[in-house]
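A.B. asks: Test case, fold it:
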Amino acid sequence: MKTIAVIPARYASTRFPAKLMQNLGGKPVIIRTLEACLQANIFEDVLVATDSEYIYNEVVTNGGKAFMSLKNHESGSDRIAEAVTNTDAEIVVNVQGDEPFIDKKSLEKALEILRNDTENSIDLVSLMKEITEDTTIQNPNNVKVVVDNQNVALYFSRSPIPFNRDKISGVTYYQHIGVYVFRKNALIDFSTWQPTALEQAEKLEQLRYLENGKRIKMVLTKHVGVGIDTPEDLEKAQKMWEDKE
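C.D. replies: Got it, this is the predicted structure:
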């Protein structure tokens, strides 16, 4: 099954404008993410899908492949769907442009789930990690997910879910890691649906899949990356990069 990685790269981030062009260890964040995908050596192709000439030119100048969106998109999935519509890929991996510290083992496990799902019961796979610190659980920038007994997602929220009303012990919280492994047809289906009320309320595109009956299998990982949503996140990423070097 042909597998490609697509990195949606929007320039005008509301929380941290031009974050993908910020310096990380001597190169823009988007280039560090692109390099990480290439170095993982698990994709047959890697493509950056962007709405920005700045990002497009930066990627091409650094020897990468880039796709310039012809339409305005509200979500990364919509942008990726446009980029892969005319490709022969069967599995598409969405790697967020602000996640330069990808984990190869977690991605391989996610890919294995789709490749072994001969009945096509799973439409996409994503990652989650257990979180215990209350500040992390309460932070709306950290998206939480609740799952069923087969680790299929029930709901995603910026709120702390589940709500532990009686403060009982043993309640587990999971943070969603913004990496998706799609069947291409699920991605194309997504692009034909209108944004849903829950998606717009939470500002979480994955809810559009759930509201339209798609099944999202979650893979538990211990990998701790840094999603760069704020200048403070960039400082953490700089420190991680220095430690990595």
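A.B. asks: in this protein, which segments are predicted with low confidence?
C.D. replies: Within the chain, the ranges that satisfy pLDDT under 70 run 14-15, 224, 245.
A.B. asks: what about the longest strand in it?
C.D. replies: Longest strand in the chain by number of residues, with DSSP state E as the criterion: strand 173-183.
A.B. asks: Which stretches in the chain count as helices?
C.D. replies: With DSSP state H as the criterion, the chain has helices at 29-40, 53-61, 76-84, 104-116, 134-138, 184-192, 197-202, 206-211, 231-244.
A.B. asks: Can you say which of the ones you listed is packed in most?
C.D. replies: Ranked by mean neighbour count, the helices of the chain are led by helix 76-84 with a mean of 23 (mean count of other CB atoms under 10 Å). For the C-beta atoms, the positions are set from N, CA and C on the backbone; glycine is no exception.
A.B. asks: got the angle for it vs helix 184-192?
C.D. replies: With axes from the mean of the first three to the mean of the last three CA atoms, to 10 degrees applied, the angle from helix 76-84 to helix 184-192 works out at 120 degrees.
A.B. asks: list the helices and strands helix 76-84 packs on?
C.D. replies: Packed against helix 76-84 by the contact rule (3 or more CB pairs under 8 Å, 6 or more residues apart in numbering; DSSP states H and E) you find strand 3-9, strand 45-50, strand 91-95, strand 173-183, helix 184-192.
A.B. asks: can you rerun that using 7 Å?
C.D. replies: Under the contact criterion of 3 or more CB pairs under 7 Å, 6 or more residues apart in numbering; DSSP states H and E, helix 76-84 touches strand 3-9, strand 45-50, strand 91-95, helix 184-192.
A.B. asks: Touching it from outside, list them.
C.D. replies: Contact partners of helix 76-84, identified using CB atoms under 7 Å, 6 or more residues apart in numbering, comprise 6, 8, 47, 49, 67, 69-71, 73, 92, 94, 184, 187-188, 190-191, 205.
A.B. asks: Also stretch 90-97?
C.D. replies: 1-9, 20, 30, 33, 37, 43, 76-77, 80, 84, 102, 107, 111, 114, 178-184, 187, 227.
A.B. asks: before we move on, what about stretch 205-219?
C.D. replies: Outside stretch 205-219, the residues that reach it (CB under 7 Å, 6+ apart) are 75-77, 106, 109-110, 113, 121-128, 145, 147, 151-153, 155-156, 186, 190, 193, 195-196, 198-199.
A.B. asks: Much appreciated, bye for now.
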